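Enquirer: no sequence for this one, just the structure:
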């Protein structure tokens, strides 16, 4: 069985290895091209195999490969959110955003194509996978906020911020990855603090979360810097204070 | 020609009147049902005409009707943003949001189906229509902020907030329209103020916009109330100030 290996363009892999190799090739292609610009021939060529072999592993063709690649990317993305629940919240968020933005940077074209919708291969299954990632991100944040039963206003705030991070990522990719990733990350952290604090103004549960979080924020960290800048801005409009 | 009118189930309308009547029936249906749950027969029945007549006006069938209804809804939505450029910014935003949220309330099911994606009739044209509304909303806001050449950070902030308003609308519809529309509106205004002020902390153009806007905000308005609440919250964490 293995005697024909040297005469073939590819070495004989186990079913699992082959599947993973094809998936990896597909993921690479879908990361850097819009799905309509990726053909099964491209995947076969990138993996150094024949088109029929791709079909043997993915009888659903491109659509099936796209969804499998998407599922694999979604798993990778969810790992970005893994973060120990200790230390100042803004530092945890900074680290998670660093990983998330590196993922966005790496999967740029595919990320845009997927989230901008209207794609020919978009399906309700693809949408469900993306929604799963959004839910996982929200659950992670709520866990870090240490709220057992988050109310409507807190949940809405977290999900609004997650959506706005997606929007910022898309604009960032569109605008040639400006501003640089470190500034974008710090700014998104500040937006989180601002949104949460605004909600705290009208929601006792969120206010309790913010009060608890502030006690361990360092003075020279994101919150301190933001608070001092905003105070100086609003201080000029004394009639509002 | 007109003698058969009394024997027909519908009076003879001009081409434009008929087209508008069919569109109106379609819009009503698509507003309150997911597109996959609306058939051409439903549209014909709602308009009191035959299915072939619907096809004569919309040879592209349901897809064409859906897109025409969507374009008509998009126009209506863009009118929500019309607002004279005078008076405190938060009051203008409050009025525009009142109209927008009334639209969301009225088109609930169709609004969710459209924005949640994965719909069988979603196309790149539908996505382009929705993106057009988003762009119009952003342009309106930037015009009210009176910035001739908005920089990247200001544009990103405005678009992030618009996306988060969409997210809030969807969650609001999902959660049985809680909290009530007046609270949701005031809260979204506060979120806008918070996001813009956070960006002002690191962007001179946004800071100039905020400073100018604050001078005419009333003390008992959205900004004053938010500023005093946030100060009292952050004031407890004196090490950050």
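Expert: Here it is on my side, so go on. Just so it is clear, the structure is predicted and the values come from calculations on it, not from any experiment.
Enquirer: Which parts of chain A are helices?
Expert: Per DSSP state H, chain A carries helices over the ranges A:15-32, A:40-47, A:51-57, A:61-80, A:89-106, A:108-116, A:124-144, A:152-174, A:181-200, A:204-215, A:222-235.
Enquirer: Show me chain A divided up by domain.
Expert: For chain A, automatic domain parsing gives the domain ranges A:10-65, A:81-240.
Enquirer: which of these is buried the deepest?
Expert: Counting by mean count of other Cβ atoms under 10 Å in any protein chain shown, domain A:81-240 has the highest mean neighbour count of these, with a mean of 18. For glycine as for every other residue, the C-beta is placed from the backbone atoms N, C-alpha and C.
Enquirer: Say whether chain B is contacted by the lowest-mean-pLDDT helix or strand in chain A.
Expert: When the helices and strands of chain A are scored by mean pLDDT, DSSP states H and E, helix A:108-116 comes last with a mean of 86. Yes: remark: helix A:108-116 sits within contact range of chain B at residue A:116, by Cβ under 8 Å from any Cβ of the partner chain.
Enquirer: re the thing from before, where among the helices of chain A is the average confidence lowest?
Expert: Among the helices of chain A, helix A:108-116 carries the lowest mean pLDDT, a mean of 86.
Enquirer: Return the distance of it from the chain's centre.
Expert: Its chain's average C-alpha position is 11 Å from that of helix A:108-116, according to Cα atoms, centre = their mean, to the nearest Å.
Enquirer: now for that helix, which elements pack on it?
Expert: Helices and strands touching helix A:108-116, by 3 or more Cβ pairs under 8 Å, 6 or more residues apart in numbering or on different chains; DSSP states H and E, are helix A:15-32, helix A:124-144, helix A:152-174.
Enquirer: Show residues contacting the least confident helix or strand of chain A.
Expert: Applying Cβ atoms under 8 Å, 6 or more residues apart in numbering or on different chains, the contact partners of helix A:108-116 are A:30-35, A:70, A:73, A:103-104, A:119, A:122, A:126, A:130, A:166, A:169-170, A:173-174, B:127.
Enquirer: Could you export the helices of chain A to CSV, including columns for distance to residue B:60?
Expert: Shown next, in CSV, are those (distance: least, Cβ to Cβ, whole Å):
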stretch, distance to residue B:60
helix A:15-32, 31
helix A:40-47, 30
helix A:51-57, 33
helix A:61-80, 24
helix A:89-106, 37
helix A:108-116, 24
helix A:124-144, 22
helix A:152-174, 30
helix A:181-200, 42
helix A:204-215, 48
helix A:222-235, 52
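Enquirer: Relative to residue B:138, which of these is closest?
Expert: Ranking these by proximity to residue B:138 (Cβ to Cβ) places helix A:152-174 first, at 10.5 Å.
Enquirer: Report the inter-axis angle for that closest one versus helix B:124-144.
Expert: Helix A:152-174 and helix B:124-144 are oriented at 100 degrees to each other (axes from the mean of the first three to the mean of the last three Cα atoms, to 10 degrees).
Enquirer: is chain B contacted by helix A:152-174?
Expert: Yes: applying Cβ under 8 Å from any Cβ, one finds helix A:152-174 touching chain B at A:152-153, A:155-156, A:159-164, A:166-168, A:171-172.
Enquirer: one step back: relative to residue A:190, which of the helices and strands packed on helix A:108-116 is closest?
Expert: helix A:152-174 (11.1 Å).
Enquirer: helices or strands up against that closest one?
Expert: Applying 3+ Cβ pairs under 8 Å, 6+ apart, we find helix A:152-174 packed against helix A:89-106, helix A:108-116, helix A:124-144, helix A:181-200, helix A:204-215, helix B:152-174, helix B:181-200.
Enquirer: try 7 Å this time
Expert: Contact partners of helix A:152-174 among helices and strands, from 3 or more Cβ pairs under 7 Å, 6 or more residues apart in numbering or on different chains; DSSP states H and E: helix A:108-116, helix A:124-144, helix A:181-200, helix A:204-215, helix B:152-174.
Enquirer: With distance to residue A:66 as extra columns, can I get those in JSON lines?
Expert: Shown next, in JSON lines, are these (distance: least, Cβ to Cβ, whole Å):
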{"stretch": "helix A:108-116", "distance to residue A:66": "9"}
{"stretch": "helix A:124-144", "distance to residue A:66": "7"}
{"stretch": "helix A:181-200", "distance to residue A:66": "27"}
{"stretch": "helix A:204-215", "distance to residue A:66": "39"}
{"stretch": "helix B:152-174", "distance to residue A:66": "25"}
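Enquirer: closest to residue A:21 out of those?
Expert: Per Cβ to Cβ, nearest to residue A:21 of the helices and strands packed on helix A:152-174: helix A:108-116, 18.7 Å.
Enquirer: That closest one vs helix A:61-80, what angle?
Expert: 100 degrees.
Enquirer: now helix A:108-116 against helix A:15-32, angle please.
Expert: Using the same axes, to 10 degrees: helix A:108-116 against helix A:15-32 is 80 degrees.
Enquirer: who wins for proximity to residue B:191 among the helices and strands packed on helix A:152-174?
Expert: Using Cβ to Cβ, those put helix A:181-200 closest to residue B:191, at 5.6 Å.
Enquirer: what's the angle from the closest one to helix B:152-174?
Expert: 40 degrees.
Enquirer: list the helices and strands helix A:181-200 packs on?
Expert: The contact analysis (3+ Cβ pairs under 7 Å, 6+ apart) places helix A:181-200 against helix A:89-106, helix A:152-174, helix A:204-215, helix A:222-235, helix B:181-200, helix B:222-235.
Enquirer: I'd like the ones you listed as JSON lines, with distance to residue B:108 appended.
Expert: Output for these, formatted as JSON lines (distance: least, Cβ to Cβ, whole Å):
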{"stretch": "helix A:89-106", "distance to residue B:108": "32"}
{"stretch": "helix A:152-174", "distance to residue B:108": "17"}
{"stretch": "helix A:204-215", "distance to residue B:108": "26"}
{"stretch": "helix A:222-235", "distance to residue B:108": "36"}
{"stretch": "helix B:181-200", "distance to residue B:108": "12"}
{"stretch": "helix B:222-235", "distance to residue B:108": "26"}
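Enquirer: Looking at the helices and strands packed on helix A:152-174, which is nearest to residue B:61?
Expert: helix A:124-144 (20.9 Å).
Enquirer: From the contact counts, what lies against that closest one?
Expert: Secondary-structure packing of helix A:124-144 (3+ Cβ pairs under 7 Å, 6+ apart): helix A:61-80, helix A:152-174.
Enquirer: One more pass at 8 Å, please.
Expert: Secondary-structure packing of helix A:124-144 (3+ Cβ pairs under 8 Å, 6+ apart): helix A:61-80, helix A:89-106, helix A:108-116, helix A:152-174.
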